[in-house]
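S.K.: Sequence and predicted structure, then a few things I'm wondering about:
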Protein chains: 2
Amino acid sequence: MKKNLVAAGTSLVMMGASSAHAQGIQITPAGTTPTTLGAAQNFSGHVAVDIKAAGDSGRHGSVGMVDFAPGARTAWHTHPVGQLLVITEGTGWVQEEGQPRRGIGAGDVVWIGAGVRHWHGAAQANGMRHLAIAYVKDGRSADWKDLVSDEQYGAR
Amino acid sequence: MKKNLVAAGTSLVMMGASSAHAQGIQITPAGTTPTTLGAAQNFSGHVAVDIKAAGDSGRHGSVGMVDFAPGARTAWHTHPVGQLLVITEGTGWVQEEGQPRRGIGAGDVVWIGAGVRHWHGAAQANGMRHLAIAYVKDGRSADWKDLVSDEQYGAR
(Lines give C-alpha, C1' and ligand atoms only; values in the text may rest on other atoms or scores of the structure.)
Protein backbone atom coordinates (compact mmCIF):
# COMPACT_ATOMS: atom_id res chain seq x y z
CA MET A 1 0.00 0.00 0.00
CA LYS A 2 2.73 2.41 0.95
CA LYS A 3 4.63 1.52 -2.21
CA ASN A 4 1.54 2.27 -4.28
CA LEU A 5 1.15 5.67 -2.63
CA VAL A 6 4.78 6.50 -3.35
CA ALA A 7 4.34 5.38 -6.96
CA ALA A 8 1.20 7.52 -7.28
CA GLY A 9 3.07 10.51 -5.87
CA THR A 10 5.87 10.03 -8.35
CA SER A 11 3.38 9.91 -11.21
CA LEU A 12 1.82 13.18 -10.05
CA VAL A 13 5.21 14.85 -9.94
CA MET A 14 6.03 13.56 -13.42
CA MET A 15 2.66 14.79 -14.72
CA GLY A 16 3.41 18.20 -13.28
CA ALA A 17 6.86 18.34 -14.81
CA SER A 18 5.68 17.31 -18.26
CA SER A 19 2.35 19.14 -18.28
CA ALA A 20 3.66 22.13 -20.21
CA HIS A 21 4.50 20.06 -23.28
CA ALA A 22 1.56 17.69 -23.72
CA GLN A 23 -1.46 18.30 -25.94
CA GLY A 24 -4.99 19.17 -24.81
CA ILE A 25 -5.51 21.36 -21.77
CA GLN A 26 -3.63 20.60 -18.55
CA ILE A 27 -4.49 22.41 -15.33
CA THR A 28 -1.84 22.35 -12.59
CA PRO A 29 -3.70 23.48 -9.45
CA ALA A 30 -2.15 26.00 -7.03
CA GLY A 31 -0.02 24.17 -4.47
CA THR A 32 0.83 21.19 -6.71
CA THR A 33 4.56 21.97 -6.81
CA PRO A 34 6.33 22.73 -3.51
CA THR A 35 8.02 26.12 -3.19
CA THR A 36 11.81 25.76 -3.09
CA LEU A 37 14.38 28.04 -1.50
CA GLY A 38 17.11 29.54 -3.69
CA ALA A 39 20.30 27.48 -3.24
CA ALA A 40 23.02 29.17 -1.17
CA GLN A 41 25.58 28.87 -3.99
CA ASN A 42 23.31 30.79 -6.42
CA PHE A 43 21.48 33.24 -4.15
CA SER A 44 22.24 35.51 -1.16
CA GLY A 45 19.50 35.86 1.45
CA HIS A 46 16.00 34.39 1.53
CA VAL A 47 14.62 33.65 -1.94
CA ALA A 48 11.48 31.55 -2.58
CA VAL A 49 10.92 30.02 -6.04
CA ASP A 50 7.61 28.69 -7.39
CA ILE A 51 8.05 26.84 -10.66
CA LYS A 52 5.10 27.40 -12.99
CA ALA A 53 6.32 25.47 -16.04
CA ALA A 54 9.40 23.48 -16.97
CA GLY A 55 11.15 24.73 -20.10
CA ASP A 56 12.65 22.73 -22.91
CA SER A 57 15.26 23.32 -25.59
CA GLY A 58 12.53 23.95 -28.15
CA ARG A 59 10.19 26.89 -27.86
CA HIS A 60 8.83 26.47 -24.32
CA GLY A 61 10.38 28.83 -21.79
CA SER A 62 10.85 27.89 -18.14
CA VAL A 63 8.49 29.99 -16.01
CA GLY A 64 8.82 30.71 -12.31
CA MET A 65 7.68 33.21 -9.69
CA VAL A 66 10.60 34.36 -7.55
CA ASP A 67 10.18 36.18 -4.23
CA PHE A 68 13.22 38.01 -2.80
CA ALA A 69 13.24 39.10 0.86
CA PRO A 70 14.76 42.56 1.54
CA GLY A 71 18.48 42.48 0.64
CA ALA A 72 18.24 39.10 -1.12
CA ARG A 73 19.62 38.73 -4.66
CA THR A 74 20.84 36.27 -7.26
CA ALA A 75 24.51 35.51 -7.82
CA TRP A 76 26.11 36.93 -10.94
CA HIS A 77 24.86 34.81 -13.85
CA THR A 78 24.17 34.67 -17.57
CA HIS A 79 21.35 33.18 -19.66
CA PRO A 80 22.15 31.23 -22.84
CA VAL A 81 19.10 32.60 -24.72
CA GLY A 82 17.79 35.36 -22.45
CA GLN A 83 15.28 36.01 -19.68
CA LEU A 84 12.22 38.24 -19.29
CA LEU A 85 11.34 39.52 -15.81
CA VAL A 86 7.85 40.88 -15.10
CA ILE A 87 8.04 42.63 -11.72
CA THR A 88 4.79 41.96 -9.88
CA GLU A 89 5.46 43.46 -6.43
CA GLY A 90 7.94 45.57 -4.51
CA THR A 91 11.16 47.27 -5.53
CA GLY A 92 14.65 46.04 -6.34
CA TRP A 93 17.74 46.29 -8.47
CA VAL A 94 19.18 44.84 -11.67
CA GLN A 95 22.81 45.32 -12.66
CA GLU A 96 24.73 44.48 -15.80
CA GLU A 97 28.45 43.97 -15.22
CA GLY A 98 30.35 47.21 -15.85
CA GLN A 99 27.19 49.35 -15.54
CA PRO A 100 25.62 51.00 -12.48
CA ARG A 101 22.79 49.11 -10.77
CA ARG A 102 19.32 50.25 -11.92
CA GLY A 103 16.16 50.44 -9.85
CA ILE A 104 13.14 48.32 -10.83
CA GLY A 105 9.65 48.01 -9.36
CA ALA A 106 6.16 46.59 -9.77
CA GLY A 107 4.90 46.80 -13.36
CA ASP A 108 8.35 47.12 -14.91
CA VAL A 109 9.49 44.59 -17.49
CA VAL A 110 13.18 43.69 -17.83
CA TRP A 111 14.77 41.82 -20.74
CA ILE A 112 18.23 40.32 -20.15
CA GLY A 113 19.90 39.37 -23.40
CA ALA A 114 21.89 36.22 -24.09
CA GLY A 115 25.27 36.03 -22.37
CA VAL A 116 24.92 39.26 -20.35
CA ARG A 117 26.58 38.86 -16.94
CA HIS A 118 24.23 40.40 -14.36
CA TRP A 119 22.35 40.02 -11.10
CA HIS A 120 18.90 41.04 -9.85
CA GLY A 121 17.27 41.16 -6.46
CA ALA A 122 15.33 43.09 -3.85
CA ALA A 123 16.06 46.53 -2.44
CA GLN A 124 17.83 46.68 0.93
CA ALA A 125 14.66 47.63 2.81
CA ASN A 126 11.90 46.16 0.58
CA GLY A 127 11.18 42.77 -0.92
CA MET A 128 10.64 42.21 -4.63
CA ARG A 129 8.72 39.56 -6.57
CA HIS A 130 8.96 38.83 -10.27
CA LEU A 131 7.80 36.32 -12.79
CA ALA A 132 10.82 35.04 -14.72
CA ILE A 133 10.61 33.50 -18.19
CA ALA A 134 13.94 32.00 -19.28
CA TYR A 135 14.58 30.29 -22.58
CA VAL A 136 16.51 27.04 -22.71
CA LYS A 137 19.52 25.97 -24.80
CA ASP A 138 21.31 22.63 -24.44
CA GLY A 139 19.17 21.88 -21.39
CA ARG A 140 20.20 25.02 -19.49
CA SER A 141 18.44 28.32 -18.86
CA ALA A 142 21.14 29.93 -16.63
CA ASP A 143 24.89 29.68 -15.98
CA TRP A 144 25.79 30.65 -12.43
CA LYS A 145 28.92 32.57 -11.36
CA ASP A 146 30.14 34.18 -8.09
CA LEU A 147 27.84 35.50 -5.37
CA VAL A 148 27.22 39.26 -5.30
CA SER A 149 29.14 40.65 -2.33
CA ASP A 150 27.60 43.18 0.06
CA GLU A 151 29.98 45.80 -1.42
CA GLN A 152 28.85 45.01 -4.99
CA TYR A 153 25.19 44.96 -3.92
CA GLY A 154 25.42 48.37 -2.23
CA ALA A 155 27.55 50.13 -4.86
CA ARG A 156 25.89 53.21 -6.41
CA MET B 1 11.04 71.30 -33.08
CA LYS B 2 7.70 69.53 -33.23
CA LYS B 3 9.06 67.19 -35.88
CA ASN B 4 11.99 66.31 -33.64
CA LEU B 5 9.66 65.52 -30.76
CA VAL B 6 7.58 63.25 -32.98
CA ALA B 7 10.73 61.52 -34.23
CA ALA B 8 11.91 61.05 -30.64
CA GLY B 9 8.53 59.59 -29.70
CA THR B 10 8.65 57.17 -32.60
CA SER B 11 12.12 56.04 -31.56
CA LEU B 12 10.89 55.37 -28.02
CA VAL B 13 8.00 53.29 -29.32
CA MET B 14 10.32 51.33 -31.59
CA MET B 15 12.72 50.76 -28.70
CA GLY B 16 9.83 49.46 -26.62
CA ALA B 17 8.61 47.14 -29.34
CA SER B 18 12.03 45.68 -29.99
CA SER B 19 13.28 45.65 -26.40
CA ALA B 20 12.56 41.97 -25.87
CA HIS B 21 14.93 40.87 -28.60
CA ALA B 22 17.95 43.14 -28.26
CA GLN B 23 21.09 42.37 -26.30
CA GLY B 24 22.14 43.91 -22.97
CA ILE B 25 19.52 44.75 -20.38
CA GLN B 26 16.40 46.71 -21.37
CA ILE B 27 14.00 48.03 -18.75
CA THR B 28 10.49 48.91 -19.93
CA PRO B 29 9.02 50.99 -17.08
CA ALA B 30 5.45 50.43 -15.87
CA GLY B 31 3.04 52.51 -17.93
CA THR B 32 5.19 52.59 -21.09
CA THR B 33 2.69 50.64 -23.19
CA PRO B 34 -0.99 51.72 -23.09
CA THR B 35 -3.52 49.14 -21.91
CA THR B 36 -5.76 48.01 -24.77
CA LEU B 37 -9.31 46.65 -24.61
CA GLY B 38 -10.01 43.21 -26.06
CA ALA B 39 -11.50 43.65 -29.56
CA ALA B 40 -15.27 42.93 -29.80
CA GLN B 41 -14.73 40.27 -32.48
CA ASN B 42 -12.37 38.26 -30.24
CA PHE B 43 -13.74 38.90 -26.74
CA SER B 44 -17.13 39.18 -24.99
CA GLY B 45 -17.41 41.72 -22.17
CA HIS B 46 -14.77 44.01 -20.72
CA VAL B 47 -11.24 42.69 -21.14
CA ALA B 48 -8.09 44.77 -20.53
CA VAL B 49 -4.78 43.64 -22.04
CA ASP B 50 -1.30 44.82 -20.96
CA ILE B 51 1.40 43.66 -23.35
CA LYS B 52 4.65 42.83 -21.50
CA ALA B 53 6.73 41.55 -24.43
CA ALA B 54 6.22 41.06 -28.14
CA GLY B 55 6.85 37.52 -29.32
CA ASP B 56 8.65 36.36 -32.41
CA SER B 57 8.70 33.22 -34.53
CA GLY B 58 11.92 32.12 -32.84
CA ARG B 59 12.06 31.27 -29.17
CA HIS B 60 10.58 34.42 -27.61
CA GLY B 61 6.99 34.04 -26.45
CA SER B 62 4.52 36.91 -26.48
CA VAL B 63 3.69 37.87 -22.89
CA GLY B 64 0.64 39.77 -21.69
CA MET B 65 -1.42 40.35 -18.56
CA VAL B 66 -5.13 39.97 -19.28
CA ASP B 67 -7.86 41.18 -16.92
CA PHE B 68 -11.40 39.83 -17.45
CA ALA B 69 -14.36 41.58 -15.80
CA PRO B 70 -17.05 39.25 -14.36
CA GLY B 71 -18.67 37.30 -17.22
CA ALA B 72 -16.06 38.39 -19.78
CA ARG B 73 -14.29 35.75 -21.90
CA THR B 74 -12.31 35.12 -25.05
CA ALA B 75 -13.90 33.86 -28.25
CA TRP B 76 -13.22 30.25 -29.22
CA HIS B 77 -9.65 30.14 -30.51
CA THR B 78 -6.58 27.99 -31.07
CA HIS B 79 -2.83 28.58 -30.64
CA PRO B 80 -0.38 27.40 -33.32
CA VAL B 81 2.29 26.40 -30.76
CA GLY B 82 0.48 26.64 -27.41
CA GLN B 83 -0.16 29.02 -24.52
CA LEU B 84 0.62 29.00 -20.81
CA LEU B 85 -1.73 30.84 -18.44
CA VAL B 86 -0.59 31.74 -14.91
CA ILE B 87 -3.73 32.82 -13.02
CA THR B 88 -2.75 35.69 -10.74
CA GLU B 89 -6.13 36.79 -9.32
CA GLY B 90 -9.78 35.81 -9.14
CA THR B 91 -11.69 32.82 -10.50
CA GLY B 92 -12.79 31.78 -13.95
CA TRP B 93 -13.30 29.04 -16.49
CA VAL B 94 -11.42 27.28 -19.27
CA GLN B 95 -13.12 24.96 -21.73
CA GLU B 96 -11.79 22.68 -24.44
CA GLU B 97 -14.30 22.01 -27.20
CA GLY B 98 -16.23 18.80 -26.51
CA GLN B 99 -15.32 18.80 -22.80
CA PRO B 100 -17.10 20.40 -19.81
CA ARG B 101 -15.84 23.80 -18.69
CA ARG B 102 -13.35 23.60 -15.79
CA GLY B 103 -12.91 26.04 -12.94
CA ILE B 104 -9.60 27.88 -12.50
CA GLY B 105 -8.36 30.36 -9.92
CA ALA B 106 -5.40 32.30 -8.55
CA GLY B 107 -2.21 30.22 -8.45
CA ASP B 108 -3.37 27.67 -11.03
CA VAL B 109 -1.32 27.15 -14.18
CA VAL B 110 -3.00 26.13 -17.44
CA TRP B 111 -1.26 24.77 -20.53
CA ILE B 112 -3.24 24.84 -23.78
CA GLY B 113 -1.65 22.64 -26.42
CA ALA B 114 -1.22 23.46 -30.11
CA GLY B 115 -4.43 23.46 -32.15
CA VAL B 116 -6.80 22.89 -29.22
CA ARG B 117 -10.06 24.81 -29.77
CA HIS B 118 -10.98 26.44 -26.46
CA TRP B 119 -11.97 29.59 -24.56
CA HIS B 120 -11.09 31.05 -21.17
CA GLY B 121 -12.49 33.85 -19.07
CA ALA B 122 -13.83 35.08 -15.77
CA ALA B 123 -16.56 33.55 -13.60
CA GLN B 124 -20.05 35.07 -13.89
CA ALA B 125 -19.76 36.90 -10.55
CA ASN B 126 -15.98 37.36 -10.19
CA GLY B 127 -13.24 38.80 -12.34
CA MET B 128 -10.10 36.87 -13.30
CA ARG B 129 -6.59 38.00 -14.24
CA HIS B 130 -3.89 35.88 -15.83
CA LEU B 131 -0.48 36.25 -17.35
CA ALA B 132 -0.51 34.64 -20.80
CA ILE B 133 2.61 33.37 -22.57
CA ALA B 134 1.87 32.37 -26.16
CA TYR B 135 4.43 31.00 -28.60
CA VAL B 136 4.54 32.29 -32.16
CA LYS B 137 4.55 30.45 -35.51
CA ASP B 138 4.47 32.17 -38.90
CA GLY B 139 3.92 35.49 -37.14
CA ARG B 140 0.78 34.36 -35.27
CA SER B 141 0.19 33.32 -31.67
CA ALA B 142 -3.60 32.77 -31.92
CA ASP B 143 -6.27 31.97 -34.51
CA TRP B 144 -9.66 33.40 -33.59
CA LYS B 145 -13.03 31.72 -34.20
CA ASP B 146 -16.66 32.42 -33.13
CA LEU B 147 -17.63 34.26 -29.96
CA VAL B 148 -18.68 32.13 -26.99
CA SER B 149 -22.48 32.53 -26.64
CA ASP B 150 -24.14 33.08 -23.27
CA GLU B 151 -25.53 29.52 -23.54
CA GLN B 152 -22.07 28.04 -24.18
CA TYR B 153 -20.54 30.18 -21.41
CA GLY B 154 -23.13 29.05 -18.83
CA ALA B 155 -23.27 25.33 -19.80
CA ARG B 156 -22.29 22.97 -16.97
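M.R.: Yep, that arrived. Residues are numbered from 1 along each chain as shown, chains lettered A, B, ... in the order given.
S.K.: A:V47: neighbour count?
M.R.: Around A:V47 sit 21 other residues, with neighbours defined as other C-beta atoms under 10 Å in any protein chain shown. C-beta: built from backbone N, CA, C; applies to glycine.
S.K.: quick one, what contacts the residue nearest to it when sequence neighbours are not counted?
M.R.: Here the nearest residue to A:V47 in space, its sequence neighbours aside, is A:G38; by C-beta to C-beta, 6 or more residues apart in numbering or on different chains that works out to 3.3 Å. Contacts for A:G38 (C-beta atoms under 8 Å, 6 or more residues apart in numbering or on different chains) come out as A:H46, A:V47, A:A48, A:V49, A:V66, A:A72, A:T74.
S.K.: Can you tell me the strand partners of the helix or strand containing the fourth one and which way each runs?
M.R.: Okay, so that is A:V49. Of the helices and strands defined by DSSP states H and E, A:V49 is found in strand A:47-53. Strand A:47-53 has the following sheet partners, assigned by DSSP bridges: strand A:36-37 (antiparallel), strand A:62-68 (antiparallel).
S.K.: contact partners of stretch A:101-114?
M.R.: Taking contacts as C-beta under 8 Å, 6+ apart, the residues outside stretch A:101-114 that touch it are A:78-95, A:118, A:120, A:123, A:128, A:130, A:155-156, B:19-31, B:52-53.
S.K.: Among those residues, name the buried ones.
M.R.: For the contacts of stretch A:101-114, a neighbour count by 16 or more other C-beta atoms under 10 Å in any protein chain shown gives the buried set as A:78-88, A:90-95, A:118, A:120, A:123, A:128, A:130, B:19-21, B:25-28, B:52-53.
S.K.: the strands in chain A, which residues?
M.R.: Secondary structure of chain A by DSSP state E: the strands cover A:25-28, A:36-37, A:43-44, A:47-53, A:62-68, A:73-74, A:77-78, A:82-96, A:102-105, A:109-113, A:118-122, A:128-134, A:143-144.
S.K.: would you list those in TSV and tack on distance to B:G107?
M.R.: Shown next, in TSV, are the strands of chain A (distance: least, C-beta to C-beta, whole Å):
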stretch	distance to B:G107
strand A:25-28	9
strand A:36-37	16
strand A:43-44	23
strand A:47-53	9
strand A:62-68	9
strand A:73-74	24
strand A:77-78	27
strand A:82-96	13
strand A:102-105	23
strand A:109-113	22
strand A:118-122	22
strand A:128-134	13
strand A:143-144	28
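S.K.: Now mean pLDDT too, for these, in TSV please.
M.R.: Below are these laid out as TSV (pLDDT from 0 to 100):
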stretch	mean pLDDT
strand A:25-28	97
strand A:36-37	98
strand A:43-44	98
strand A:47-53	97
strand A:62-68	97
strand A:73-74	98
strand A:77-78	98
strand A:82-96	97
strand A:102-105	98
strand A:109-113	97
strand A:118-122	98
strand A:128-134	98
strand A:143-144	98
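S.K.: Noted, bye for now.
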